[in-house]
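A.B. asks: have a look; sequence and predicted model below, questions after that.
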Amino acid sequence: MNPAPQAPPRGRGRRRDQLIAFGWLVLVWILLWGDLSWGNLVGGVLVAGAVLVFFPLPPVSFGGRLRLGPLLVFVVRFVGELVSASAHVARVAVQPGYQPRAAIIAVRLRVHTDLNLALTAEALSLVPGTLIVEVDRNAGVLYVHVFDTHGPQDLRGSRRRILAVERRLVRAVGSAAEVRRVSADPVERGPEP
């Protein structure tokens, strides 16, 4: 059951978001040219203005709250998984004659917000050995390519790891209702799509 959609930011909040996007677009323009000059600054301002006028960003609502403790837990666990997965992929890459098997699994996330889908997909894609193949936004399902699977137990383990990443992210930046949802819904639940 999805929570009621939150109202998009209005007034000052929406203008602030547009100003932040404008600043980032100008910065990216200058970085792409690799030279801070008046010409590049003016060009960046013109391009950023055109992008925001002709391709307006959809309003994004954030109903969560940043929690520093759980955010630190997420970062530490993420770095640990990053190092572990990198070592595993490196070992498989140099192991002579080894043929790794891969699979694509569907994992239904418990919190279907766009922000949660995007954050979870990004965190998973940054870890070697996992890659997001497709996202079903309406159903809240991530289709994830997982590397070096040997059987159903590896697929179940991958699904649990993905849901654990979602749980840590929601605890770090989710709303109170979302935190309750991931805490009440155990990772080891029944069959997935």
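C.D. replies: Done, it's in.
A.B. asks: from now on I want contacts and neighbour counts done on CA atoms only, so please keep to that.
C.D. replies: Noted.
A.B. asks: leaving out chain neighbours, which residue sits closest to residue 143?
C.D. replies: Leaving aside its chain neighbours, residue 143 sits nearest to residue 106 (4.5 Å; criterion: CA to CA, 6 or more residues apart in numbering).
A.B. asks: and the pLDDT at the one you found?
C.D. replies: Per-residue confidence (pLDDT) for residue 106: 96.
A.B. asks: equivalent analysis for residue 66, please.
C.D. replies: pLDDT, residue 66: 86.
A.B. asks: skip the chain neighbours and tell me the closest residue to it.
C.D. replies: Nearest non-adjacent residue to residue 66 (CA to CA, 6+ apart): residue 173, at 4.6 Å.
A.B. asks: I figured that neighbour hits residue 65, correct?
C.D. replies: Yes: between residue 173 and residue 65 a contact is recorded at 5.2 Å, counting by CA atoms under 8 Å.
A.B. asks: okay, the two: which has more neighbours?
C.D. replies: residue 173 (22 against 13; other CA atoms under 10 Å).
A.B. asks: now the more buried one: how far from residue 71?
C.D. replies: As for residue 173, its distance to residue 71 is 8 Å (criterion: CA to CA, to the nearest Å).
A.B. asks: how about residue 79?
C.D. replies: Using CA to CA, we find residue 79 at a distance of 12 Å from residue 71.
A.B. asks: before we move on, the earlier item: may I ask which helix or strand encompasses the residue nearest to residue 143?
C.D. replies: If you go by DSSP states H and E, residue 106 is part of strand 103-108.
A.B. asks: direction included, what does that strand pair against?
C.D. replies: According to DSSP bridges, strand 103-108 forms sheet pairs with strand 141-146 (antiparallel).
A.B. asks: can you name the next helix or strand after the strand it pairs with?
C.D. replies: Next element after strand 141-146 (DSSP H and E): helix 152-173.
A.B. asks: which elements pack onto that following helix?
C.D. replies: Contacts defined by 3 or more CA pairs under 8 Å, 6 or more residues apart in numbering; DSSP states H and E place helix 152-173 against helix 68-94, strand 103-108, helix 114-126, helix 176-184.
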